[in-house]
Every structure is written in structure tokens, then in C-alpha cells.
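*Asks:* structure, please.
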Amino acid sequence: MQTMSAEQNVLKIVITGPESSGKTTLAMQLAEALGVPCVPEFARSYVAHLGRPYQREDLKRIALGQQLWEDWFTQRSLNQSIYPANLLVCDTDWTVIYVWEQYKYGAALLPAHPLTLSPFSPAHSTFYLLCAPDMDWQHDPLREHPAERDALFQQYDDLLKSIPANYHILRGTELQRLKTALYLVQKYC
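*Replies:* This next block holds a predicted model:
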């Protein structure tokens, strides 16, 4: 098992933002271009297999599941020489669950800082790419609020500023976002 200092040396590139803003597509494309693992969105699997509408209590389980997946992929990256051991792309993280809880239920009960979820997620080892909702809405049965994407985007922006997180806003087409993301990763990471 790696020590905490080794895990802290893994830079997580987190794709975050409101629904239908191209997060999953960008996460997969970026991970492929960089030759690194992509941590999938735990909430999508959890809710799709829940068998009932999700409730507020489920958000804590989703946050924990996402963190466990991130930790597992981090360990896998550190233990396998086929990946660059210092980079990991995450298709969302705790920020999505935090903003969603705030928006849907009023006030977030979940912790507002990654250190409270896991000792292996310090803010300084995470680079956020915040996807703007300037893409067409894509229907998905797990998505809920097509008209509120701008308001949700503002909440993400406010949250990332408040941490303070190292982040950049991505706008434009899928190709423009990927090119910008690759440039930013090469420049800052």
C-alpha cells in the first residue's frame, strides 16, 4: 500500500459542471489523449441501479462511492507501470454531489471541502475543469433540470472560488474543450 505522501503526488484532473455540459465525453477523451485512467461517475451507476428515486440520504453514499472509486483508481495508477503514475482524470467528484444537494434540497449537509471526505484529496492536488452549459441539452433519464444549467454553473463557479480551487472554465465545442484541456494540463500540470 502506498503512503499518503505518494497518493498526494497524484494530480487529479476533475471534470465538473452542470448536467449535460459535456463532462463525461471530455473526461474520456482527455484520459485517452493523456494515456491515463478515467474515474467514472459513481452517481450514474448508483442511481441507475437503485430501483427507486434517489433521496437525500443517498447523496452521502454517492459521495463516499465516488471517493472510494477515486482512491481505487489512484492506487491502481500508482501500482501499474502502464499509466503515468502522477495523473488521474475524474468524471466528476464531490463538487457535483455538493452542488446538487445544495440546489435540490436547499442547504448542503455534505462537507464542503474534499479533506473532509478523504485524507487523500487535498485541494492542491486537484485541477478542475469546469464545463460551461453552452452545449445543447442531451436528454437522459437521469438528468433533471435542463432550464437551470446556468444557475447550477454559477454555483459550481462560486464553490470552486470559495475553496479556493485551481480551476479553469471550458467553453465551446467538444474539440475546442479537449484542445484547451490538453493545453492547460501541459501548462499547469
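
*Asks:* my guess is Thr180 contacts Leu170, does it?
*Replies:* Yes. The pair Thr180 / Leu170 is scored as a contact, 5.7 Å apart, by CB atoms under 8 Å. In short, each C-beta sits where N, CA and C put it, glycine included.

*Asks:* shared neighbours, these two?
*Replies:* Contact criterion CB atoms under 8 Å, 6 or more residues apart in numbering; residues shared by Thr180 and Leu170: none found.

*Asks:* longest helix anywhere in this protein?
*Replies:* helix 56-79 (DSSP state H).

*Asks:* in that helix, what's buried?
*Replies:* 58-59, 62-67, 69-71, 73-75, 77-78 (16 or more other CB atoms under 10 Å).

*Asks:* lowest pLDDT pick from the residues you listed?
*Replies:* When the buried residues of helix 56-79 are compared by pLDDT, Leu78 scores lowest at 73.

*Asks:* correct me if wrong: it contacts Val36.
*Replies:* No. The pair Leu78 / Val36 is not scored as a contact, 11.9 Å apart, by CB under 8 Å.

*Asks:* that older thread, comparing Thr180 and Leu170, which shows the higher neighbour count?
*Replies:* Using other CB atoms under 10 Å, the more surrounded residue of Thr180 and Leu170 is Leu170, with 23 against 17.
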